[in-house]
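**Student:** Here is my input, please return the structure:
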Amino acid sequence: MNTNVAEPVSKSVELPPGTNLGVYSASGKVLTGPGGRFELKPELRLFCALTDDGTLHLSAQHLSDPYIMAFMDRLEHESFEFTVSACSMTDIKAIYQNSTQVKNRTASAGTDRQAQVLHILDDAHQSGASDVHLVVGHEITKIFYRIHGLLWEARQEKSQVGLELCSALYNSMCDVTKDHYQPQIPQDARVARSFVQELGLFGARVATRPLVDGPLMVMRLLYDDKTKATLESLGWLPSQLAQLARLRSLPYGVNLFTGPTGSGKSKSLQQNLDKLYEETQGTKHILSLEDPPEYPLKANQSPLGPNETWADGIKNTVRLDPDVLLFGEMRDSESAVATYQGGLTGHLAWSSLHSNNAPASLQRLIDMGVPSYLVTDPALTTGLINQSLLPVLCPSCRIPLRENLGILEKGLLDRLKKLDLVDQVNLRGEGCACCKKMGVIDRTGVGEIILPDLSFMRTFEKSGTGAARRYWVNEMGGITKIAHSITKIASGIVDPRLAERIVGPLDFDRQLVELSNV
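**Tutor:** Numbers count the residues shown, from 1 in each chain. Model prediction:
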């Protein structure tokens, strides 16, 4: 036996998400799995996996467990050579899942196209993709993965193959659909739990729309990401964390996480409610109404019924003795009005909404049909949170701006010079093995939080969103997403070109807020 224990994978800081050194490839066999040569009881498989390359993967917290020591004695007794590799229990779970996928994929797929869809989704999952795009053209289908917020072309297929992949996914791999797949109209669906569990995902949403040359199908992959288990790890500033803590302490009110698609709203909402559960030690009844549930919560999660309206669901939830209510994303007038009706019942209500910035959320709510007298009541609308996600540069291949001034657009360079940031900025490099040639390894959040007061609301009512934004920054000390982004750029972890592409020009605050100290 080789007793040199490898460094736990979960402690690596140089590797991008999805790089599982020490985690056995899905193409191998797990000897401790059901039917394996050294099959273990289910409770032992939680923190031990032996793969046929001779690696004994052990949970770092169970290296000295007596049952594990006895198992190693058994291996030595049978003259089985092995090397111990310490890792996390999540990694061990992935080893067994990957092994199950290899054995069962052909049988469970049912058709060649189903198997191909599973292969694509599995490859996207292993690459850390948040979305998969199938763009069916006149002759070619292009398949893209969104990784760390950026789109990458993964492969191409013939146009007919793309149509068959879309049809197989929608018609035979989804459990929430309307009718059959029709490429000429927009449709929404949800991949069946049996498939997403096989892939190690929490869920997967499907949306389609016709394009000029063929249909577009986008699949949102939903992870229960254990690597970002706290609000701090999502990128919030200390002062913003304090604001979120205040909102969690309120007895009632409506608090909204807002932002564009893929901005991390749901993840922040999940971590915030889990934090509330921990702070109250489970003494408050947290109840959700979602369509459908996207992430596991320390709450009683309930899906909106197939024939249930949001209004009906709200009426039902308030009769279930809740202290805190989570309503899924506000997608239309019905869900927005219903959320405010829930808040009016004297509960602390949380939800999410699409909007460009925090102050703009007020007008967005009014446009969706929520009465303005409710929206502008600071005792009811108690928190407006807006966020975006910026790609994090690979520390191994990023390059300093000072040595590469010529590759930056002049306008951006001038903006960085005015901010006196040139010597602190790093740019995205060409990519390396650590970042899988992407130049980025992760994403970090930038956001803005408003705790509205009466003066802020009166400013909005009298002069609109722009005036309210200026009041928030100049009189309430608000931190904009631009200002938050500049702190990330100054720390060298974010490329200013990517930041401007996502949140806007670095001098946008000068234009929109007219800061007195700029």
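
**Student:** Only C-alpha atoms from now on, for both contacts and neighbour counts.
**Tutor:** Will do.

**Student:** so where is the stretch 1-150 of the chain shaky, pLDDT-wise?
**Tutor:** Low-confidence segments of the stretch 1-150 of the chain (pLDDT under 70): 1-28, 100-111.

**Student:** Compute the distance between residue 442 and residue 386, please.
**Tutor:** To residue 386, residue 442 is 20 Å away according to C-alpha to C-alpha, to the nearest Å.

**Student:** go on, residue 335?
**Tutor:** Applying C-alpha to C-alpha to residue 335 and residue 386 gives a distance of 19 Å.

**Student:** Who has more neighbours out of the two?
**Tutor:** A side-by-side neighbour count of residue 335 and residue 386, using other C-alpha atoms under 10 Å, places residue 386 first with 29 against 23.

**Student:** which residues does residue 265 contact?
**Tutor:** 257-259, 352, 387 (C-alpha atoms under 8 Å, 6 or more residues apart in numbering).

**Student:** Grab the two from the residues you listed that are most spread out in space.
**Tutor:** Spanning the widest gap among the contacts of residue 265 are 352 and 387, at 11.1 Å by C-alpha to C-alpha.

**Student:** Compare these two and say which is more crowded by neighbours.
**Tutor:** Using other C-alpha under 10 Å, the more surrounded residue of residue 352 and residue 387 is residue 387, with 27 against 23.

**Student:** The more buried one pairs with what?
**Tutor:** residue 447 (DSSP bridges).

**Student:** Please enumerate the helices of the stretch 1-150 of the chain.
**Tutor:** Applying DSSP state H, counting those that start in this stretch to the stretch 1-150 of the chain gives helices spanning 42-45, 66-77, 89-109, 112-126.

**Student:** Adding distance to residue 461 and mean neighbour count, write these out as JSON lines.
**Tutor:** Output for the helices of the stretch 1-150 of the chain, formatted as JSON lines (distance: least, C-alpha to C-alpha, whole Å; neighbours: other C-alpha atoms under 10 Å):
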{"stretch": "helix 42-45", "distance to residue 461": "60", "mean neighbour count": "13"}
{"stretch": "helix 66-77", "distance to residue 461": "66", "mean neighbour count": "13"}
{"stretch": "helix 89-109", "distance to residue 461": "50", "mean neighbour count": "18"}
{"stretch": "helix 112-126", "distance to residue 461": "46", "mean neighbour count": "19"}
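
**Student:** Residue 328 - how many residues pack around it?
**Tutor:** 24.

**Student:** Quick check on it: phi, psi?
**Tutor:** As for residue 328, its main-chain torsions (degrees, to the nearest 10) stand at phi -60, psi 180.

**Student:** any weak-confidence spans in the stretch 151-300 of the chain?
**Tutor:** 178, 225-229.

**Student:** hang on, residue 465 packs against residue 363?
**Tutor:** Yes: shown here, residue 465 and residue 363 form a contact pair, counting by C-alpha atoms under 8 Å, at 7.3 Å.

**Student:** before we move on, back to that, who wins for proximity to residue 202 among the helices of the stretch 1-150 of the chain?
**Tutor:** Nearest to residue 202 among the helices of the stretch 1-150 of the chain is helix 112-126 (11.2 Å), distances taken as C-alpha to C-alpha.

**Student:** Does anything pack onto the closest one? Which helices or strands?
**Tutor:** helix 89-109, strand 131-136, helix 159-172 (3 or more C-alpha pairs under 8 Å, 6 or more residues apart in numbering; DSSP states H and E).

**Student:** Would you map the helices across the stretch 251-400 of the chain?
**Tutor:** 265-279, 310-317, 333-344, 360-367, 372-375.

**Student:** so which of the ones you listed comes closest to residue 60?
**Tutor:** Going by C-alpha to C-alpha, the one of these nearest residue 60 is helix 265-279, 25.0 Å.

**Student:** List the buried residues for that closest one?
**Tutor:** When burial is assessed from 16 or more other C-alpha atoms under 10 Å, helix 265-279 yields the following buried residues: 265-277.

**Student:** my read: residue 486 touches residue 506, true?
**Tutor:** Yes: shown here, residue 486 and residue 506 form a contact pair, counting by C-alpha under 8 Å, at 7.3 Å.

**Student:** can you list the domains in the protein?
**Tutor:** 2-100, 110-222, 232-512 (automatic domain parsing).

**Student:** can you give me the end-to-end distance of the longest one?
**Tutor:** In terms of C-alpha to C-alpha, the two terminal residues of domain 232-512 are separated by 28 Å.

**Student:** distance between it and the chain's centre?
**Tutor:** Distance of domain 232-512 from the chain centroid (C-alpha atoms, centre = their mean, to the nearest Å) equals 13 Å.

**Student:** now do the first one
**Tutor:** Between the mean C-alpha point of domain 2-100 and the mean C-alpha point of its chain there is a distance of 28 Å (C-alpha atoms, centre = their mean).

**Student:** Distance-wise, check the nearest residue to residue 283 once chain neighbours are set aside relative to residue 270.
**Tutor:** Ranked by C-alpha to C-alpha, 6 or more residues apart in numbering and with sequence neighbours excluded, the top spatial neighbour of residue 283 is residue 277, at 7.8 Å. The gap separating residue 277 from residue 270 is 11 Å, by C-alpha to C-alpha.

**Student:** Then residue 304?
**Tutor:** 18 Å.

**Student:** swap in residue 449?
**Tutor:** Taken as C-alpha to C-alpha, the span from residue 449 to residue 270 is 17 Å.

**Student:** do the same with residue 328
**Tutor:** Taking C-alpha to C-alpha, one finds residue 328 at 11 Å from residue 270.

**Student:** Residue 513 too?
**Tutor:** 31 Å.

**Student:** Residue 453 against residue 378, yeah?
**Tutor:** Yes: between residue 453 and residue 378 there is a contact at 5.6 Å, judged by C-alpha under 8 Å.

**Student:** Enumerate the strands of the stretch 401-518 of the chain by residue range, in sequence order.
**Tutor:** Secondary structure of the stretch 401-518 of the chain by DSSP state E, counting those that start in this stretch: the strands cover 426-427, 440-450.
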